[in-house]
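Asker: sequence-free structure coming up:
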């Protein structure tokens, strides 16, 4: 398990920064690039893999830390493609702290919870039709639609189709918990 001293509280803005040192964050743009932005031509935005994209967004710090803890960084940096239903830090803040720590303390459960948010293939919102999706954890998710809104196990996709070099990220406001 994770020693109590290395756990981070939900009120902390930095989640286990010692763990995140293993996951590289894309470097900031040099000052010359910022100056060049005033010209009429701009370079297309740089794309990163799922881990880099999540880290650069700044709202998935909890998720990124848990991916590192579970040893899933290399998997989510591989060619994939993957679709990740990514809970924000605010989603993790909704969980009771004791439940969060019990998941963190059980490496197998942590890996199951995280891979329950990942499906094989790059699925955009338009590809998500009502029915079942089998996750990397081997457990099905229910996809439903209410008009143009897509829900995964009843959780609305708040922002979809975030493109990464090895897949797609859909932002969700709740943590998906596998049955049982």
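Answerer: Alright, I've got the coordinates. Just so it is clear, the structure is predicted and the values come from calculations on it, not from any experiment.
Asker: what's next to stretch 79-88, contact-wise?
Answerer: With contacts defined as Cβ atoms under 8 Å, 6 or more residues apart in numbering, stretch 79-88 is touched by 50, 54, 59-60, 62-63, 76, 117-123, 136, 141, 152, 155, 157-158, 166-176. All C-beta atoms are positioned from the backbone trio N, CA, C, and that covers glycine.
Asker: okay, buried residues for that stretch please.
Answerer: Using 16 or more other Cβ atoms under 10 Å as the test for burial, stretch 79-88 gives 80-88.
Asker: strands - which of the residues you listed land there?
Answerer: Cross-referencing the buried residues of stretch 79-88 against strands under DSSP state E gives 82-87.
Asker: ends of stretch 49-65, what's the gap?
Answerer: 16 Å (Cα to Cα, to the nearest Å).
Asker: ok so, going back, could you pick out the buried ones from the contacts of stretch 79-88?
Answerer: 50, 54, 60, 62-63, 76, 117-119, 122-123, 136, 141, 152, 155, 157-158, 166-172, 174-176.
Asker: re earlier: specify which member of the buried residues of stretch 79-88 is nearest to residue 147.
Answerer: Ranked by distance to residue 147 (Cβ to Cβ), the buried residues of stretch 79-88 are led by residue 85 at 19.3 Å.
Asker: what about that closest one, distance to residue 98?
Answerer: Separation of residue 85 from residue 98 (Cβ to Cβ, to the nearest Å): 24 Å.
Asker: same check, this time on residue 72
Answerer: As judged by Cβ to Cβ, residue 72 and residue 98 stand 23 Å apart.
Asker: strand partners of the strand ranked longest in the chain, parallel vs antiparallel please.
Answerer: The longest strand of the chain (DSSP E) is strand 155-164. Here strand 155-164 has these sheet partners by DSSP bridges: strand 149-152 (antiparallel), strand 167-172 (antiparallel).
Asker: what helix or strand is the closest residue to residue 131 other than its chain neighbours located in?
Answerer: Nearest non-adjacent residue to residue 131, counting by Cβ to Cβ, 6 or more residues apart in numbering: residue 143, 5.7 Å away. Assigned by DSSP states H and E, residue 143 falls within strand 140-146.
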